[in-house]
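S.K.: Got a sequence here, can you build the structure:
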Amino acid sequence: MSQQFSDLGINAALQESLSDLGISVPTAIQEKVIPVLLNQKEDVVALAKTGTGKTAAFGLPLLQLIDLENPGIQAVILTPTRELGQQIFANLEAFATNSPGISIASVCGGASVKSQIERLKEDTHIVVATPGRLADLVERKAIDIKNISYFILDEADEMVVALKEGLDSIIKEIPKKRRTLLFTATMPGAIKQLVQNYMSKHVLQLEADMATVGHQGIDHQYVVVEPIEKLEVLLHFLNSKEGQRGIIFCKTKAAVNKLAKNLAINKFSSGAIHGSLSQGIRDRIMGQFREGYIDILVATDLAARGIDVKDVAYVVNYHLPDTFDAYVHRSGRTARAGAKGLSLTILQQEEVAEIAEFEKALEISFKPFQKANAESIEENNGLLWAKKIFKTKPNREISEEFKKKVKTIFHHLTKEELVEKILANYVAQNNAAAAKPEVSKKKKKK
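M.R.: You can find the predicted model right below:
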């Protein structure tokens, strides 16, 4: 029989909020972590896959442990990205709906520093922050974290790799007698070093459902392509997933921008996020993706941290990630909360050998994905061309007289006949375009 939150020691006010949110049964990591945080004093390292409810695992007991008589900052929650910080802040606010005395502030990058400084002048119990912004506020002496009791690092594996300098400066500011709680999906060497350097010798390590670190419910597949056909193979795949939500990962911001532009040209419902975009733009695009106004999100690894969106049917690795940990986080965006999902990696021939390394390191199995043949790709290109026509807005500057002349040419054709002729013209133009390089080569030989 599954445990209830009451069995774990969660108070009535928080239980009521969980009930309002439709959350009734704790996840495995919540069952393991919550009683330890409420009843013991040790530092904790919690290892759990993405999408398993880590925020509630530390958030619920933290809210319950806050001393309402103390108006100072008692807890700092550090996250690697703005998006994850905003998500944690929103979750804590929702959990605390029936605990009105608790004050939570978000001080993540991308928002106005001045407004955050003003906010911190008010009583604040919990601060959710990104390392860079928190370090900046500490340097400005706009925040006092010298007396905190709890220091939480979420998605710590990404934080120590990408943001170590800011993290080190923050750890120098907080008291040595604090309780550190570290949550991560993987345990790279940098995390082990952090545990050794900054956490107590008697740290407790808790794990949940880590037997398959590559995530249960995810179908891992790969497809091998030539560089020249990579985009067309992706477009064919995306067309087959029309109406489903997915995330495409690229290694660089430039690659994200280039791919997003190609998707827009081909009229896919998509948006892009990376670290160089303003917070306002990132928030807008994430909101559109979360609410279903766009189906496809193109992102870099770091920008995509904290994307906790339900019903993400697939993830595409347009570029093979550099690390095994990155693959875990990418693929973990799908198959969340017990759902099924597909993680498709697009490879070039020289990268195929690396699949065996990922399989061995992550204890997962990849299956070959059946690549579309040339005929199917060509047909898909025709469908994309037809969609472009369908979604093209009428040009109001074209004169009525000219439109009338064109209509006169076509007026005797049925809809079926018109489609037949347009398709025939499309195929003829494509064939002519394909033949041009051969013609030019012949001319050069003369």
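S.K.: Mind jotting down where the helices sit in the stretch 151-300 of the chain?
M.R.: 156-162, 164-173, 189-198, 230-240, 253-265, 279-290 (DSSP state H, counting those that start in this stretch).
S.K.: and among those helices, the most buried is which?
M.R.: Highest mean neighbour count among the helices of the stretch 151-300 of the chain (mean count of other CB atoms under 10 Å): helix 156-162, with a mean of 23. For the C-beta atoms, the positions are set from N, CA and C on the backbone; glycine is no exception.
S.K.: what about that one, average pLDDT?
M.R.: Per-residue pLDDT values across helix 156-162 average out to 69.
S.K.: nearest to residue 366, of the helices of the stretch 151-300 of the chain?
M.R.: The minimum distance between residue 366 and these falls on helix 230-240, with 16.0 Å, by CB to CB.
S.K.: Return the list of helices and strands in contact with that closest one.
M.R.: When contacts are defined as 3 or more CB pairs under 8 Å, 6 or more residues apart in numbering; DSSP states H and E, helix 230-240 packs onto helix 253-265, strand 341-347, helix 374-391.
S.K.: picking up where we left off before, would you format the helices of the stretch 151-300 of the chain as a markdown table with distance to residue 342 included?
M.R.: Below are the helices of the stretch 151-300 of the chain laid out as a markdown table (distance: least, CB to CB, whole Å):
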| stretch | distance to residue 342 |
| --- | --- |
| helix 156-162 | 23 |
| helix 164-173 | 34 |
| helix 189-198 | 28 |
| helix 230-240 | 10 |
| helix 253-265 | 18 |
| helix 279-290 | 18 |
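S.K.: mean pLDDT for the ones you listed: which is lowest?
M.R.: Mean pLDDT across the helices of the stretch 151-300 of the chain is lowest at helix 156-162; the value there is a mean of 69.
S.K.: how's the protein carved up into domains?
M.R.: Here the domain parsing of the chain from automatic domain parsing is 12-208, 218-372, 394-445.
S.K.: And the shortest one, how far out from the chain middle?
M.R.: This means domain 394-445. On the basis of CA atoms, centre = their mean, to the nearest Å, domain 394-445 sits 42 Å off its chain's mean C-alpha point.
S.K.: Quick check: phi and psi on residue 177?
M.R.: Here is the backbone geometry of residue 177 (degrees, to the nearest 10): phi -90, psi 80.
S.K.: roughly how far apart are the nearest residue to residue 95 once chain neighbours are set aside and residue 152?
M.R.: Sequence neighbours aside, residue 17 is the residue nearest to residue 95 in space, at 5.3 Å (criterion: CB to CB, 6 or more residues apart in numbering). Per CB to CB, to the nearest Å, residue 17 is found 19 Å from residue 152.
S.K.: who's more crowded, these two?
M.R.: In this view residue 17 and residue 152 are compared by other CB atoms under 10 Å, and residue 152 has more residues nearby, 25 against 20.
S.K.: No further queries at this time; thank you.
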